[in-house]
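Asker: Fold the following for me, if possible:
(3 chains)
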Amino acid sequence: MKTTFKLLAAGVLAATSVMASAADTPDWLDQPLNKPLSEIRIGVTQNNAGVDSYQTTYEKTLKSYSEELGVQAIVLDPQGDPARQNNQIQDLIAQQVDVLIVWPTNAKAVVPWVHRAKAAGIPVVITNSQIDESGRPYIAAFSGPNTREEGRVAGRMLTKALDGKGNVVVINGKPGYATAVNREKGFYDVVKKEKGIKVLDAQPADWNRAKAQSVMENFITKYGKKIDGVFAADDNMGVGALNAIKAAGLGGKIKLVGATNFAVGYDAIKAGDYYGSVVQSPVTDAKNAIQVAIKVAEGQDVPKLSYIDTPPITQDNIDKFKRPVF
Amino acid sequence: MKSATSMDKTMNRSADAPTLEAPTGRGIAGEALHWISRHPIWLFLAACVIFFSFGSPYFFTPFNLSNILVQSAFIGFLSIGMTLIMINGNIDLTVGSTLALCASLAVGLQDYGLVVAIAGAVAAGLLLGLLNGVIVVKTGVHSFIVTLGGLIGIRGLVFVYTGENSLSATNMSFLDFGMISFGPISIIAVLFVVLMLAFQWMLSRTRHGREAYAIGGNLSAAENAGVKVSRHIVINFVISGLMAAVAGITMATQMGAATPNLGTNYELWTVIAVVLGGTKLQGGAGSLWGTLGGVLTLGVLRNGMNLMHVQPFYVLVILGLVLILALFVDKQINKE
Amino acid sequence: METLMKRVNLPQLARQQGILIAFVIFLAVVAASSDTFLTTGNILQVLRQASILGTMALGVTFVVICGRLDLSVGSALSLTTVLVVDLHDKIGPGPAILVTLVAGLLVGVVNGLLIGYVRLNSLIVTLGMLSTLQGVTLIYTGGKNVSVANPEATWFGFFGRGHFLDIPVPVWIFLGGAAVLGVILARTSYGRQVYAVGGNETASRFSGVNARRIVFSAYLLSGLTTAVAAVIMGSRVMGSQNNVGQGYELQVLAGIILGGTSLLGGSGTLLKTVIGIAILGFIENGLLLLGYPYYVQWLVTWAVIIGAVWLDVASKRGRLFV
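Answerer: Numbers count the residues shown, from 1 in each chain, chains lettered A, B, ... in the order given. Okay, the predicted model is just below:
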């Protein structure tokens, strides 16, 4: 009886210690750790956290996920200014972090300081928005959406919605910003090949809903009933365009396609006002970035490009997706 | 007689243009105290430095202090020109947009060779400064309005030239320039300090410098004394344009790129730095020592708050309140 | 207009109303190239799009006439728009609007105290407030966007999207506000005091005007009209981001200056502000219809602002150049 009890006790002890060490190493870290997670310091410089809910949710996830894993994260925000972002990279190098996560405010402007970070022995993970080609040799990895492909996905959706024929207008994100540029290019990749579809005009609205509403109003003023479809580079702007369309009494006639499905976009798709969008979760985006960064800090091998899933969402498949939290 | 170039409604007149001082019996400590009372911003700067040194172990390191110098240098260049202009009783809101245009030219023209690119950028700064100055003195329109128009319009020029794109530097020496350093001190920081000293010398020891105070203090008296006011004002605007070019070019070497929205709001931060340094908006008073203090204070505040991980939303509030507080303290000091 | 009092002198009239004449020519040129430009629908649209900026400019006009500046209105617009949209679903549209108006007044109180009573420099104080209010807005929302959940189901939409007698409600608010405030400025002793303080503050005090209170009140108006503009904006978009008002402060000043009000204070009217704001709106719209990219509008604004004020000061001194 005593031996059985001892065996049982030993068994329980063994089992719990196995479970404990399994909890210490999350299953996405498939190799043993060089450094315990609690000693890893990640320096982050974002893009512009106050601008829209996506970026804010991203930041919140960065902080909460880091806390959950036990790593230290220093999160800085340059408010869209590339010069300030370089200053922040400098400041993070000064603090000798183990790995840097950079969300480039501008694809080209961050290259020299990313280079210097690498030279200082600090690996860099680029998140969400691609760095310029010239900077690729200096980074350890990219984690985020394939924004060019997102543009293509949106292009295919709109083509389908219009049955391959019609006039479209485009509302872009912030001029010069990599995601905006790539989505537009991806959209044109698909749409310019379609002989029946004509792009009437393209204007930026800086990811701003009120501005997108004005831009759409102006499009309607200029082109009136000629517009059959709209591509908005994110749903936040798309909903602004939708306001303008409805105010002009053209609701239902114009097909709207967006990208980065915000909660307001999700609701609009459900209501039938919006044709479709591209799912991109800031939570997945942030968690993926942290995971890649930790792997890099641990000296593990990572693929250079770590894309997150960005499937299309329309009224047909909307029930497969949860309502976005942002 | 109201001068055409000073808005005396928004400013309370206080004549404290520096005069040539006769030797006093103060002694070194007395001189130092007197200097500090003329430039109280340095006390505040010292307090900030002490505060952040305790707040973060990385603050008071050679690497970081050198970073602060470089980070401050760009607003620093702009503030040199702005100080001269404000002593005159004017203002230059175009500096941010001009910086962007010069940066774009310095990068975009590199296909024609580095010399052409730099020359083009410098020329643009000089020409725009000349344009601003000439419009101000010839039309009598207040510099606030002239440069407000310029702020909007020159940004338009930037977008016309870049077509909404960011431009990449192709010339390797251009990029390497930004990396030159003497020990931990970057060449850009050195350039900043050298220019600051040079212009302070000009302000305190040359006729042009003394005239600046005279014009800002009492325009008609200056005219009666034979000062060529128009020429002087235009020169200062040209200097401001040149400084914007220097800032734009050096910024581009640091980034290896120029973005069309570069320098947005920089004119506002420059005004803040200069005012923090003690230069009065109504003209007739100020010095580059004070401006240097103001520029460094802004740089230290931003860097320090970065290192102490202050949430960016709170940084905005703190900077705004510091500015208002500084004004308030300055008013109290000057009452006595 | 004052000129009608004197004998009408054509060259002088041309100089004094030069900006209006140039504007009319601009309208004609654009109308010739675009058949949608001068339609009622388009004109109403331009006025509607200008209403938010215009309503803000009404209050700021009082500040400028007092010889001061207000650069905080852009951030104040962000804060108040966020408030009205966020509180709409939490406490209902009516109370939300009330709180928003109070918030606008509070901003005015802070500015007014610092500038009117403590007598700090208005450019710097309102610059500081620009930064502070932006931070406050971000702290309030935690960086998130705010939305109204059911835009179709609320009477709140009336302010930004409604029509009355076929004219958009924002236009009624803008022009109606201009009319009411214009009467106050031109016909009441309060208005006269505002001019007096702007014209010569020391002298006005000897005449018994409480200059501090007048300046304070001007900032209250500026905050209030900004809050009203926020109600229009919130109602139109039914959502807000944190930086929605960024840049408006300079546009407001540009509009006031274009209309002919002097930054030195002591003169100007609300009619001038309305004209200046309308000119900005038509330039933007006209260039758009002509197919120019949005940044060309900035170049035109540059020339127009300087040109307009130049004509104005030139006519006052009698010669073109200094």
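Asker: What pLDDT is listed against residue 134?
Answerer: No chain in the question, so chain A it is. pLDDT, residue A:134: 88.
Asker: please go with chain B instead
Answerer: Confidence score, pLDDT, at residue B:134: 97.
Asker: Now for it: which residues touch it?
Answerer: residue B:234 (CB atoms under 8 Å, 6 or more residues apart in numbering or on different chains). Any C-beta I mention is one placed from the backbone N, CA and C, and that applies to glycine too.
Asker: what's the helix or strand for it?
Answerer: Using DSSP states H and E, residue B:134 sits in helix B:114-139.
Asker: where does the residue in the stretch 201-326 of chain A that chain B sits nearest to fall, phi/psi-wise?
Answerer: Here the residue of the stretch 201-326 of chain A nearest chain B is residue A:204; by CB to the nearest CB that distance is 7.4 Å. In terms of degrees, to the nearest 10, the main-chain angles of residue A:204 are phi -90, psi 150.
Asker: Now do the buried residues in the helix holding residue B:134.
Answerer: Across helix B:114-139, burial judged by 16 or more other CB atoms under 10 Å in any protein chain shown covers B:114, B:117-118, B:120-122, B:124-126, B:128-129, B:131-137, B:139.
Asker: quick one on the thing from earlier: check the contact between the residue of the stretch 201-326 of chain A closest to chain B and residue A:177; I expect there is one.
Answerer: No: counting by CB atoms under 8 Å, residue A:204 does not reach residue A:177; the two are 9.3 Å apart.
Asker: Once you drop chain neighbours, what's closest to the residue in chain B positioned nearest to chain C?
Answerer: Distances between chain B and chain C by CB to the nearest CB are smallest at residue B:153, namely 2.3 Å. Using CB to CB, 6 or more residues apart in numbering or on different chains and skipping residues adjacent in sequence, the residue nearest residue B:153 is residue C:302, 2.3 Å away.
Asker: what's the average pLDDT for the one helix or strand the one you found maps to?
Answerer: Assigned by DSSP H and E, residue C:302 belongs to helix C:296-317. In this model, helix C:296-317 has an average pLDDT of 88.
Asker: just checking, what packs against it?
Answerer: Counting contacts by 3 or more CB pairs under 8 Å, 6 or more residues apart in numbering or on different chains; DSSP states H and E, helix C:296-317 packs against helix B:114-139, helix B:143-162, helix C:10-16, helix C:18-33, helix C:248-259, helix C:270-289.
Asker: Out of these, which gets the lowest mean score?
Answerer: Lowest mean pLDDT of those: helix C:10-16, a mean of 57.
Asker: just to revisit the earlier point, next, format the helices and strands packed on helix C:296-317 as TSV and append distance to residue A:139.
Answerer: Compiled in TSV, these are given as follows (distance: least, CB to CB, whole Å):
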stretch	distance to residue A:139
helix B:114-139	28
helix B:143-162	25
helix C:10-16	62
helix C:18-33	49
helix C:248-259	38
helix C:270-289	40
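Asker: out of those helices, which comes closest to residue C:43?
Answerer: Distance to residue C:43, taken as CB to CB, is lowest for helix C:270-289 among the helices and strands packed on helix C:296-317, at 8.6 Å.
Asker: Now for the spatially closest residue to residue B:308 that is not a sequence neighbour: which residues touch it?
Answerer: Nearest non-adjacent residue to residue B:308, counting by CB to CB, 6+ apart: residue B:55, 4.6 Å away. Neighbouring residues of residue B:55 by CB under 8 Å, 6+ apart: B:304, B:307-308.
Asker: which SS state does the residue of the stretch 51-200 of chain C at minimum distance from chain A fall under?
Answerer: Closest contact between the stretch 51-200 of chain C and chain A, by CB to the nearest CB, is at residue C:143 (3.5 Å). Following DSSP: H, G, I helix; E, B strand; the rest coil, we place residue C:143 in the coil state.
Asker: Phi first, then psi, for the closest residue to it other than its chain neighbours.
Answerer: Once flanking residues are discounted, residue C:143 sits nearest to residue A:56: 3.5 Å by CB to CB, 6+ apart. For residue A:56, the backbone dihedrals (degrees, to the nearest 10) come out as phi -70, psi -40.
Asker: Identify the residues contacting residue A:56.
Answerer: Residue A:56 neighbours (CB under 8 Å, 6+ apart): A:49-50, A:326, C:142-144.
Asker: which among these end up buried?
Answerer: Judged by 16+ other CB under 10 Å, buried ones among the contacts of residue A:56: A:49-50, A:326, C:143-144.
Asker: which two from those end up farthest apart in space?
Answerer: By the measure CB to CB, A:50 and A:326 form the most distant pair in the buried ones among the contacts of residue A:56, at 13.4 Å.
Asker: And for residue A:134, the neighbour number?
Answerer: Residue A:134 has 17 neighbours, counted by other CB atoms under 10 Å in any protein chain shown.
Asker: Pretty sure it sits against residue B:166.
Answerer: No: judged on CB under 8 Å, residue A:134 makes no contact with residue B:166 at a distance of 11.9 Å.
Asker: residue ranges of the strands in the stretch 201-326 of chain A, please?
Answerer: If DSSP state E, counting those that start in this stretch is used as the criterion, the strands of the stretch 201-326 of chain A fall at A:229-232, A:255-257, A:276-278, A:305-307, A:312-314.
Asker: before we move on, the earlier item: so which of the helices and strands packed on helix C:296-317 comes closest to residue A:75?
Answerer: Residue A:75 lies closest, by CB to CB, to one member of those: helix C:248-259, at 29.6 Å.
Asker: hmm, the closest one touching chain B?
Answerer: Yes: applying CB under 8 Å from any CB of the partner chain, one finds helix C:248-259 touching chain B at C:250, C:253-254, C:257.
Asker: Which strands or helices does that helix pack on?
Answerer: Here helix C:248-259 touches helix B:143-162, helix C:40-65, helix C:73-91, helix C:270-289, helix C:296-317, going by 3+ CB pairs under 8 Å, 6+ apart.
Asker: For these, state which one has the densest average packing.
Answerer: The highest mean neighbour count among these, using mean count of other CB atoms under 10 Å in any protein chain shown, belongs to helix C:73-91: a mean of 26.
Asker: Could you check that one against chain B for contacts?
Answerer: No: on the criterion CB under 8 Å from any CB, helix C:73-91 is out of touch with chain B, staying 9.1 Å away.
Asker: Touching, residue C:52 and residue C:231? I think so.
Answerer: No: applying CB under 8 Å, one finds residue C:52 not in contact with residue C:231, separated by 9.7 Å.
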